[in-house]
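K.L.:
any chance you can model this:
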Amino acid sequence: MPALPIRILAVPVGLFLVAGFVPLSLWAAPEQQASIVVGAGQSRLLNRDLELIEDATGALDFEAIRGTSGWQSASSLDLGYSTSAFWLRLRLEAVDPGPFVLAMEYPQLDRVDLYYEAPDGVVVHERSGDSVRHSLRELQFRRAAFSIPLDSTARYFYVRVRTGSSVKLQVAVSAPLAFAMRDGNSKLLFGVLFGLLGAMALYNLFIYFSVRDSSYLAYVAFILCVGLAYLTLNGLAFEYLWPESPALDRFSLPASIALANAFSLLFVILFLDTGRYSKIPHAVLSACAIVNFLLVLSAFFLPFRIVIQPVAFMVIVTPIPAVWVSIIAWRKGNKATRFFLLAWVLFFVGSFARAAAAFGLLPTNFLTEHGNEIGSAAEAVLLSFALADRINIMRREREEVRRELLKKDRLAMVGQVSASMVHDIKNPLAIVQGYAEYLQEEDVDAESRLEYAQAIQSEIQRLNEMTQEVLEFSHDRIRIEREQIDSSSFLDGFKRDVERLLNDSAVDFSFQVSDSTLLSVDVGRIRRALFNIVRNAFEVLQGREGRLLVEGLREGSYFVIRVTDNGPGIPEEIRDSLFEPFVTMGKKTGTGLGTAIARKVVEEHGGVIWFQTGLEGTTFYIKLPVQTESSSEADQVAGTSS
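P.N.:
Numbers count the residues shown, from 1 in each chain. Predicted coordinates:
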C-alpha cells in the first residue's frame, strides 16, 4: 500500500503548513486573562485559554516577556513551521492545593522552558523538550512535562517553545493521578498498536521465507519503519530507547518517516506489479521512492529543520500516484486491490478524525485523539489481509490452470488411446473379416469352418480385452468386488488361461505353488492383471527358446506371486516409467496400458507390484494381503451393511 501508515502525518502536516502562515494580526487581544481553575483529580486540556507572544528573533528573556503588554489570545495553537520562539502565559489556580503536572501535548518540541515566580519571590526555571537529555529533566516523560505547585491563589506560568518541527502549543494541566491515568491509556493503545505491527511483521516475514515473494519483505520493512516512526513521533523512542541521545532522536524522525514512505511505495510497486498497468504512474512511484531514499541519506548531513519539511511534503504527495495506479489495477481486474484500497480509506478516516478534532470540528476524545494510531492499526491488518488474499487468488488461479492442463492432458490421452486402439483394432478386424469371407465359401469343410470360427472368436476376445483395458484405465478408482478364494484354486484357474495363451508355442512354461492360503480378491481383475504381465513376457519370448515360470508362496501376512522369464530384460530407458500409461517394451501391438492397470488393480487390493530385471531375464512380484480371521469378519460386516 502506498506509504499508508506514514500518512498519519499527511492531513495534519498539510493543514499545519497552511496554519503556519496565518498572520498574528488575526489574534484578538483579550481584555484580561481569566484564571484557569483545576480541580482535584482533574485533567484539563487548554486550547483557547492561553495568551501568546511570538518572538521572531528568539532574543527575549523571561524578564522582558513578563513586563510586556503585547499578549494576544490565539485562535489556533497549531502554527506550522516557524523559526520564531513562542511564549505562552497561563494564569492557574487549584481548588485544592498540591502538586500538578503541566505537560505539552506534542512530543516533537525541541526546547521547552517553564518560568514562574515562587511564593518567596524566587524565579523558578525548568527546561525540557527532545533536545534535553532525560537525565536533565525534572520529569522523565515522553513529552515535555513539569511539576508545578498550585493553590487557591492565581499564579502566572510562562512557557517558552522553540522548535524545528511543526509548532503545536497545546498544553494540559493535570492532577498527578489523572496525568498517570491519561498517559497509561495512551500507552495501552500504543502497546496494542506496536504489538499488532510486530505480529504482522513477524507473520509476513515467515511467509516471505516460505514463498520468497519480495513484496512480503517490502511489507515487513514498511511495517518496521512505521513502528519506528510512531515510536519517535510520540516520544517513546526517546523515553525508552535512547533517552540520553537527543541527536539520534532528531535524526530518527525524518529518517524513519522517509524510510517508511519509501518502503510503502516499493511495496505498492511489487504488490500491484505496477509496471503491467501504466508506465507513467509506475515511473512516478519509482521516482518518489528514490526521492525518499535520498531524504534518508540527507538526514545524516542536513539540519532537522531543513530535512523535515520535504519529508512532510513527500508524505502528502506520494499517495497520489499510489492511489492512481491502484485504481487502474482495480479497473483492469486485479482483485487483490480490494483490501488494499479499504486499508487506505480506513487510514484516512482516522487521520481526518485527528485533524478535525484539532480544529474543533469534532469533539476531542479517545477515538479522535488517537485516530491516526487506530487507522494505522486497521491499515496494517488489512494490508496483511491483502497479501493473504493475493495468495488465495494466486492459488485459485493456479488451480484453474492445473484443471485446464489436466483437462488438456486427458484429452490428449484420449487421443493417444484412440490412435493406439485404431491402430491395434485394424489387425484383429482384418483377421475377422478374412475368416468370415472364408466361411462364406461353399467348399469349406467342417474342420476348416471350426478352425476359422475359433480364430474369429480369439480375435473378438482380443478386442474385448483391449476395450476392457481402456475402460478400466479411464476410471480414477476401480470398483473391487472381493470374494474369498483359496490361493491354489485361484492359480489353477490362472494356469489354464496361460496354457491356452502358450498353446503350440516353443516357450517352456512351469508352474509352482508352495503354499496355499485364503485370499480376498476380485478374482477377475487380479487374473487380468496377472495375465497382462504373463502376456508381456510371452510376447518378449517370441522367436526364441524361452522359459516362463509362475510361482506362488506365502511371506508373512502376504501372498506373493512371481512371474519370471529369461528374456533380454526391460530396456533401461523405460524402467522408471514402466507402470505409467502408454509405456511398452518395444511391442508392435497393444494399448500400453497393461502394466499401468495391473498396478492400479494391485494397489486397490492393498498390495504392491514391482520388478527386477537384467540381461538374464525379468521377474515381476505381486504381493497381496492374506485373508485373516479378523479381516474376514470385517468383510462380512461390510457386506452385511452394504
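K.L.:
those strands in the stretch 451-600 of the chain, which residues are they?
P.N.:
483-486, 508-513, 518-521, 547-555, 558-565 (DSSP state E, counting those that start in this stretch).
K.L.:
out of the ones you listed, nearest to residue 306?
P.N.:
Closest approach to residue 306 among those (CB to CB): strand 558-565, 83.7 Å. C-beta here means a position set from N, CA and C on the backbone, and glycine is covered the same way.
K.L.:
ok and that closest one relative to strand 508-513, angle-wise?
P.N.:
170 degrees (axes from the mean of the first three to the mean of the last three CA atoms, to 10 degrees).
K.L.:
now do the helices in the stretch 351-500 of the chain.
P.N.:
Counting by DSSP state H, counting those that start in this stretch, the stretch 351-500 of the chain has helices at residues 366-369, 371-439, 446-474, 487-501.
K.L.:
pLDDT weak spots in the stretch 451-600 of the chain?
P.N.:
Scanning the stretch 451-600 of the chain for pLDDT under 70 picks out the ranges 462, 465-466, 468-478, 504, 582, 584-592.
K.L.:
same thing with the stretch 201-350 of the chain?
P.N.:
335-336, 344, 347-348, 350.
K.L.:
can you rerun that using 90?
P.N.:
201-220, 222-223, 225-254, 256-258, 260-261, 264-286, 288, 299-350 (pLDDT under 90).
K.L.:
can you redo the strands of the stretch 451-600 of the chain as TSV with distance to residue 259?
P.N.:
Output for the strands of the stretch 451-600 of the chain, formatted as TSV (distance: least, CB to CB, whole Å):
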stretch	distance to residue 259
strand 483-486	74
strand 508-513	79
strand 518-521	70
strand 547-555	68
strand 558-565	66
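K.L.:
make CSV from these and add mean neighbour count and distance to residue 571 to it.
P.N.:
Shown next, in CSV, are the strands of the stretch 451-600 of the chain (neighbours: other CB atoms under 10 Å; distance: least, CB to CB, whole Å):
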stretch, mean neighbour count, distance to residue 571
strand 483-486, 14, 36
strand 508-513, 14, 24
strand 518-521, 20, 31
strand 547-555, 17, 20
strand 558-565, 20, 15
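K.L.:
for residue 237, what are its contacts?
P.N.:
Counting by CB atoms under 8 Å, 6 or more residues apart in numbering, residue 237 touches 228, 231, 249, 252.
K.L.:
again but with residue 266, I slipped
P.N.:
Contacts of residue 266 by CB under 8 Å, 6+ apart are 218, 221, 222, 289.
K.L.:
again, but for residue 205
P.N.:
216, 217, 220.
K.L.:
most neighbours of all these, which one?
P.N.:
residue 216 (25 neighbours; other CB atoms under 10 Å).
K.L.:
please, which helix or strand holds it?
P.N.:
Element membership for residue 216 (DSSP states H and E) is helix 214-233.
K.L.:
which of the contacts of residue 266 lies closest to residue 157?
P.N.:
residue 222 (42.5 Å).
K.L.:
mind checking how far the residue lying closest to the closest one once chain neighbours are set aside is from residue 140?
P.N.:
What sits nearest to residue 222 in space, not counting adjacent residues and going by CB to CB, 6 or more residues apart in numbering, is residue 263, at 4.0 Å. Between residue 263 and residue 140 the computed distance is 32 Å (CB to CB, to the nearest Å).
K.L.:
more crowded one of these two?
P.N.:
residue 263 (25 against 13).
K.L.:
can you classify that one by secondary structure?
P.N.:
Following DSSP: H, G, I helix; E, B strand; the rest coil, the label given to residue 263 is helix.
K.L.:
OK, contacts around it?
P.N.:
By CB under 8 Å, 6+ apart, residue 263 lies in contact with 218, 221, 222, 225.
K.L.:
separation between it and residue 296?
P.N.:
Note on residue 263: its distance to residue 296, by CB to CB, is 10 Å.
K.L.:
before we move on, the earlier item: turn the contacts of residue 237 into CSV, columns for neighbour count and distance to residue 268.
P.N.:
Below are those laid out as CSV (neighbours: other CB atoms under 10 Å; distance: CB to CB, whole Å):
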residue, neighbour count, distance to residue 268
228, 20, 20
231, 21, 24
249, 23, 29
252, 22, 24
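K.L.:
mind putting those into a markdown table with distance to residue 531?
P.N.:
A markdown table is the format used below for the contacts of residue 237 (distance: CB to CB, whole Å):
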| residue | distance to residue 531 |
| --- | --- |
| 228 | 74 |
| 231 | 77 |
| 249 | 85 |
| 252 | 80 |
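K.L.:
among those residues, which pair sits farthest apart?
P.N.:
Among the contacts of residue 237, 228 and 249 lie farthest apart (CB to CB), at 11.4 Å.
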